[in-house]
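Colleague: Provided below are the primary sequence and the corresponding predicted coordinates.
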Amino acid sequence: MDKYFIYLSVVLTVIIFIPLYRVLMGPTLYDRILGAGAIATKTMVLILVIGLVFNRLDMFIDITMAYAILNFIGTIAIAKYLETRGYRKK
Amino acid sequence: MELIHVIADIIVSLGAFFLLVGSIGLIRLPDFYSRAHAQGKADTLGVMLIIFGLLLNQLTGGAYINSVKLLIIIAFVGLTNPTGTNALVGAAFRFRLKPWFKDEQGGKAENSDNENENKEEEKD
């Protein structure tokens, strides 16, 4: 059963690398922010699975909660900033 | 291996499938709004399913405080991930980022047209 979660962490690492294309090549700024949020959301799950593999889930859960709050606050702050100011091309 | 572990593994695999679908939608869909749709719904469901599977896995070990914390994380993700995506889409919509229509652009995804239109609007 521990083998299953090791395989799952490898699969999640592969899945995390897919939205990196949208972060690097995105046409607009909003696409890049969306890709960064997607990467952060998937990293949260990866931290939990790695905690289960290491058998120290009680420590990794707190890290995950802090990471989730940080991700949410970052996205809301960037959205509010772009809403008031807009962004200029090039 | 107990039955609840099998159920937890199946739920976790389903969540990983939804995460994969959300990532593929993020790079394959033609428009920012449709990409936000893929990220806001499929990713939220995948994350909630995976954490629910881990909760079922932890429930048998007698560590109930871990299960309660995982339940709090499920509620937090289910509330905040669509809210953040909605705020970002609202910012893009107020900046007048043009949505993608199939009839106007001949069924092809051309985001450079959107940028040119936005530039013209800014000059006005």
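Modeller: Happy to help now that I have it.
Colleague: my read: A:Leu48 touches A:Asp58, true?
Modeller: No - using C-beta atoms under 8 Å, A:Leu48 is not in contact with A:Asp58, being 11.6 Å away. All C-beta atoms are positioned from the backbone trio N, CA, C, and that covers glycine.
Colleague: in chain A, where is pLDDT below threshold?
Modeller: Within chain A, the segments meeting pLDDT under 70 span A:1, A:86-90.
Colleague: sorry, back to before: between A:Leu48 and A:Asp58, who's got more neighbours?
Modeller: Higher neighbour count among A:Leu48 and A:Asp58: A:Leu48, with 23 against 13, using other C-beta atoms under 10 Å in any protein chain shown.
Colleague: so the more buried one is in which element?
Modeller: helix A:29-54 (DSSP states H and E).
Colleague: mind listing what's buried in the helix or strand just after that helix?
Modeller: Heading C-terminal from helix A:29-54, the first helix or strand you meet, by DSSP H and E, is helix A:57-85. For helix A:57-85, burial by neighbour count (16 or more other C-beta atoms under 10 Å in any protein chain shown) applies to A:57, A:60-61, A:64-65, A:68, A:71-72, A:75, A:78-79, A:82-83.
Colleague: among the residues you listed, which are within reach of chain B?
Modeller: A:Leu57, A:Ile61, A:Thr64, A:Met65, A:Ala68, A:Asn71, A:Phe72, A:Thr75, A:Ile78, A:Ala79, A:Leu82, A:Glu83 (C-beta under 8 Å from any C-beta of the partner chain).
Colleague: which of these lies closest to B:Ala87?
Modeller: Distances from B:Ala87 to those, taken as C-beta to C-beta, are shortest for A:Ala79 (3.9 Å).
Colleague: residues contacting the residue nearest the centre of chain A?
Modeller: Nearest to the geometric centre of chain A sits A:Ala40, at 1.0 Å (C-alpha atoms, centre = their mean). Each residue near A:Ala40 by C-beta atoms under 8 Å, 6 or more residues apart in numbering or on different chains is listed here: A:Tyr67, A:Asn71, A:Gly74.
Colleague: can you list the weak-confidence ranges in chain B?
Modeller: In the predicted model of chain B, residues B:1, B:103-124 satisfy pLDDT under 70.
Colleague: quick one: the helices in it?
Modeller: With helices called from DSSP state H, chain B shows them at B:3-28, B:32-59, B:64-94, B:102-105, B:111-123.
Colleague: orientation of the first one relative to helix B:32-59 in degrees?
Modeller: The reference is to helix B:3-28. Going by axes from the mean of the first three to the mean of the last three C-alpha atoms, to 10 degrees, helix B:3-28 is angled at 160 degrees with respect to helix B:32-59.
Colleague: buried sites along helix B:3-28?
Modeller: Under 16+ other C-beta under 10 Å, the buried positions of helix B:3-28 are B:8-9, B:11-12, B:14-16, B:18-23, B:25-27.
Colleague: contacts with chain A among the residues you listed, please.
Modeller: Within these, those near chain A by C-beta under 8 Å from any C-beta are B:Asp9, B:Val12, B:Gly15, B:Ala16, B:Leu19, B:Leu20, B:Gly22, B:Ser23, B:Leu26, B:Ile27.
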